[in-house]
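A.B. asks: Here is a sequence together with a model predicted from it:
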Amino acid sequence: MVHRLVRISGFLVLLSLLGCSKASLNNPYPKRERRENILYSAFSERPKHLDPAQSYSSNEIIFTGQIYEPPFQYHYLHRPYTLIPLTAKQVPTPIYLNAAGDRLKGDPPSEDVAWSHYEIEIQPGILYQPHPAFAKGPNGQFLYHDLDGEALARIDAIGDFQETGTRELIAEDYVYQIKRLAHPKIHSPIYGFMSAYIVGLEALGATLEAALQDPLQGASENGEAFLDLRSFPLTGAEAIDRYHYRIVLKGKYPQFPYWLAMPFFAPVPYEADRFYGQTGLMIKNITLDWYPVGTGPYMLTVNNPNRQMVMERNPHFHGETYPEEGAPGDREAGLLDDAGAPLPFIEKVVFSLEKESIPVWNKFLQGFYDTAGISSDSFDQAIRISGNGDAALTEEMAEKGIRLLTSTTTSTFYMAVNMLDPVLGGYTDSARKLRQAIAIAIDQEESIAIFSNGRGIAMQGPLPPGIFGYRDGEEGINLRVYDWVDGRPKRKSIDAARRLLAEAGYPGGREIKSGKPLVLHFDTSGTGPEMKANFDWMRKQFEKLQIQLVVRNTDYNRFQDKMLKGRAQLFQWGWNADYPDPENFLFLLYGPNAKAGKNGENASNYANPRFDALFDQMKSMENGPSRQTIIDEMTRIVREDAPWISGFHPKQFGLYQPWYGNTKPNLMANNTLKYTKVDPLLRDEKRRAWNRPSWGPLLALGALLIFGTLPAISSYRKKERGTGRDPSKNILSGKGSGRNSEC
């Protein structure tokens with residue numbers, strides 16, 4: 001017993017020594033990474049597509065944006081957002097031709113333009129990341145383009161290939177990818193849209209569909225054809241020489257260069273397509289959708305979406321430097337301290353799977369994640385709102401050196417009316433006044449405060465801040481819903497809404513002819529406690545006008561079906577900008593783009609001939625006073641008709657650790673990881689300070705155990721002395737066991 005107490009005491013001394021050390025025993029990463037130049041982040045669900053012809057989701061662009069390089073990119077610091085070259089030497093000026101093929105000068109009106117030519121020159125000397133698709137043997141033949149069954153049996157992942165290779169990026173690789181948009185097996189989400197612009201793309205899709213059925217095109221071991229797209233010409237995309245290629249569009253489409261900054265138009269080499277086109281590899285899920293091949297600063301080295309995804313620096317990266325100029329205030333903010341420095345700064349990025357927000361938040365506070373968003377659960381712990389509505393960090397966050405950056409996103413979330421609905425829809429004065437009354441009654445500012453922790457601004461029109469055509473201040477308010485009071489918009493009174501409701505033919509929320517109460521239906525697929533609270537709040541907004549709101553909740557597929565058939569009445573929808581142009585938002589209200597019957601993005605099925613005519617005029621104009629005038633008129637029409645009766649533009653709140661540098665929210669660029677910088681030494685120091693082991697409770701428990709046992713030991717010794725035996729001998733010598741033993 002005495003020996004056991006000695007051992008316990010020794011263990012507690014050891015714990016106390018550990019408690020005095022600065023070691024972080026709860027660090028989830030390997031010890032060898034403590035001071036390495038690594039960025040740590042999290043993801044909540046696996047990316048579905050990493051093939052640039054298919055990928056179109058925000059959780060995918062985190063990876064594809066760093067791996068693939070389209071010809072253009074957005075300047076990291078400039079505002080408004082500006083296109084600059086990436087692999088291209090410059091952003092070209094389009095060449096416009098009329099129907100006779102004659103070149104037009106300057107910026108001709110869209111009705112004169114039959115064709116638009118974009119001629120792009122790429123930089124020489126850019127290499128692809130190391131990859132087995134490029135590996136060649138001594139005879140110059142590709143090692144892994146025709147794998148037999150024996151070779152495939154030894155392959156389970158991309159890392160099982162022993163050899164890799166690379167080659168120079170050429171213009172043909174960009175053309176090859178554009179052709180892939182039309183491949184019937186790929187189902188690119190932009191194929192239909194781009195077919196309306198890129199000459200011959202739709203016809204190429206039909207040609208490839210027919211070729212897949214032709215056994216003479218070449219077949220893999222199971223009869224599935226591999227199509228070498230180099231053999232299929234495309235009038236609208238062709239390589240002029242090794243470093244030049246041309247894209248030809250129908251008509252005039254000034255927004256097209258923005259698309260050339262998206263991964264859709266990044267290069268895919270024939271070798272990668274041929275390598276991944278082998279059926280034996282596809283069966284093993286070794287595909288371009290799983291293992292991308294690019295020229296960007298990073299390459300995906302671990303793809304285990306059930307645990308971790310890792311990107312590492314591309315050893316063949318062609319090099320790029322940090323911007324040497326920025327927007328006003330950037331230099332003062334330290335955003336130009338690294339001007340001219342080579343990119344990327346970070347060597348490795350580790351993404352760990354986290355399905356819930358709480359673990360992410362806790363690990364961020366411990367220093368194990370370098371950045372974090374703010375969920376509703378953690379908002380009060382991170383943010384305090386001042387009396388005038390400004391957001392700032394709490395003392396706890398500020399003491400840690402954590403920084404808060406906010407920005408209003410180029411997104412719109414809105415409640416809309418189905419304009420085909422016989423009650424709420426239509427273009428009569430009565431219908432307009434009914435929608436305007438509801439627009440006043442729905443207190444969007446209150447909704448933002450309750451359900452978004454104040455992270456957003458109420459919608460005044462279809463355009464969000466940061467998009468050309470958006471107007472701020474007094475000239476930008478919706479006068480149908482707001483008044484300008486004391487330098488800010490103030491929602492009109494509920495009495496004003498009730499007057500409009502009466503003028504619409506529903507005094508007191510009842511139809512003037514029949515006396516029946518007005519009952520409206522809100523269609524949604526939302527579920528859960530938070531949505532229930534939202535629905536309850538929404539009903540109260542309509543009750544202000546004595547209108548009954550019925551929530552019709554269905555599954556997402558049924559909801560989609562209602563939208564496609566134009567059977568919804570009221571609903572909520574949203575849109576994130578693809579590119580920073582007003583056309584990308586105003587087309588959501590363009591009549592020919594209706595959801596019902598046309599499967600377009602105009603979910604409200606709004607169709608105003610005057611608005612549509614102005615849209616046709618505006619969409620092909622360059623930004624300037626003339627275009628602003630047209631946008632102002634389109635905005636006025638939408639406010640009058642009120643197909644969108646309420647909405648908001650979210651504010652983005654981001655938290656950044658003190659060791660995380662060069663941070664400036666860029667809502668258009670998707671390749672910003674290369675500009676990011678971390679200080680691993682400072683991070684290690686902070687992690688140790690924030691995660692020191694606390695052995696106090698365990699030491700107290702140990703002491704309690706020792707002192708609590710002493711009376712029992714004393715009692716036992718007295719008892720043994722009472723029998724005349726030596727308790728130490730009885731305990732330690734092992735009498736009666738037939739052998740000597742020691743504790």
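C.D. replies: Thanks, I have it. Numbering: from 1, shown residues only.

A.B. asks: Could you use CA atoms for every contact and neighbour count after this?
C.D. replies: Will do.

A.B. asks: what sits against residue 274?
C.D. replies: 133, 145, 226, 228 (Cα atoms under 8 Å, 6 or more residues apart in numbering).

A.B. asks: Please identify which of the residues you listed is nearest to residue 693.
C.D. replies: Set against residue 693, the nearest of the contacts of residue 274 by Cα to Cα is residue 133 (48.8 Å).

A.B. asks: How many neighbouring residues does that closest one have?
C.D. replies: Counted by other Cα atoms under 10 Å, the residues lying close to residue 133 total 24.

A.B. asks: quick check: domain ranges of the protein?
C.D. replies: 2-21+694-732, 31-40+338-408+661-690, 49-294, 411-648 (automatic domain parsing).

A.B. asks: Now tabulate those domains in CSV and tack on mean pLDDT and distance to residue 314.
C.D. replies: Putting the domains of the chain into CSV (pLDDT from 0 to 100; distance: least, Cα to Cα, whole Å) gives the following:
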stretch, mean pLDDT, distance to residue 314
domain 2-21+694-732, 58, 38
domain 31-40+338-408+661-690, 93, 9
domain 49-294, 93, 6
domain 411-648, 94, 27
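
A.B. asks: Now tabulate the ones you listed in CSV and tack on distance to residue 320.
C.D. replies: Converted to CSV, the domains of the chain look like this (distance: least, Cα to Cα, whole Å):
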stretch, distance to residue 320
domain 2-21+694-732, 42
domain 31-40+338-408+661-690, 5
domain 49-294, 9
domain 411-648, 23
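
A.B. asks: so which of the ones you listed comes closest to residue 316?
C.D. replies: In terms of Cα to Cα, the element of these nearest to residue 316 is domain 49-294, at 5.7 Å.

A.B. asks: Neighbours of residue 611, how many?
C.D. replies: Residue 611, neighbours per other Cα under 10 Å, totals 23.

A.B. asks: Doesn't it lie inside a helix?
C.D. replies: Yes. Membership of residue 611 in a helix is supported by DSSP: H, G, I helix; E, B strand; the rest coil.

A.B. asks: who are the neighbours in contact with residue 715?
C.D. replies: Here residue 715 is in contact with no residue (Cα under 8 Å, 6+ apart).

A.B. asks: Would you confirm that it belongs to a strand?
C.D. replies: No. Residue 715: not assigned to a strand; according to three-state DSSP it is helix.

A.B. asks: any idea how far it is from residue 709?
C.D. replies: The gap separating residue 715 from residue 709 is 10 Å, by Cα to Cα, to the nearest Å.

A.B. asks: Residue 407 now?
C.D. replies: Residue 407 is 62 Å from residue 709, by Cα to Cα.

A.B. asks: who's more crowded, those two?
C.D. replies: The neighbour count for residue 407 versus residue 709, taken as other Cα under 10 Å, is higher for residue 407 (17 against 13).

A.B. asks: Look up the residues forming beta bridges with the more buried one.
C.D. replies: residue 652 (DSSP bridges).

A.B. asks: OK, contacts around it?
C.D. replies: 651-653, 665.

A.B. asks: and which of those is nearest to residue 84?
C.D. replies: residue 665 (17.6 Å).

A.B. asks: and that closest one, how many neighbours?
C.D. replies: The tally of other residues near residue 665 (other Cα under 10 Å) stands at 18.

A.B. asks: Once you drop chain neighbours, what's closest to it?
C.D. replies: Spatial nearest neighbour of residue 665, chain neighbours left out: residue 407 (7.0 Å); criterion: Cα to Cα, 6 or more residues apart in numbering.

A.B. asks: Quick check, residue 123 in contact with residue 244.
C.D. replies: No. In this structure residue 123 lies outside contact range of residue 244 using Cα atoms under 8 Å: 9.4 Å.

A.B. asks: OK, contacts around residue 659?
C.D. replies: 370, 678-680, 682-683.

A.B. asks: Nearest to residue 618 among those?
C.D. replies: Nearest to residue 618 out of the contacts of residue 659 is residue 370 (Cα to Cα; 42.9 Å).

A.B. asks: which ones are touching that closest one?
C.D. replies: With the criterion set at Cα under 8 Å, 6+ apart, residue 370 makes contact with 39-41, 364, 656-657, 659-660.
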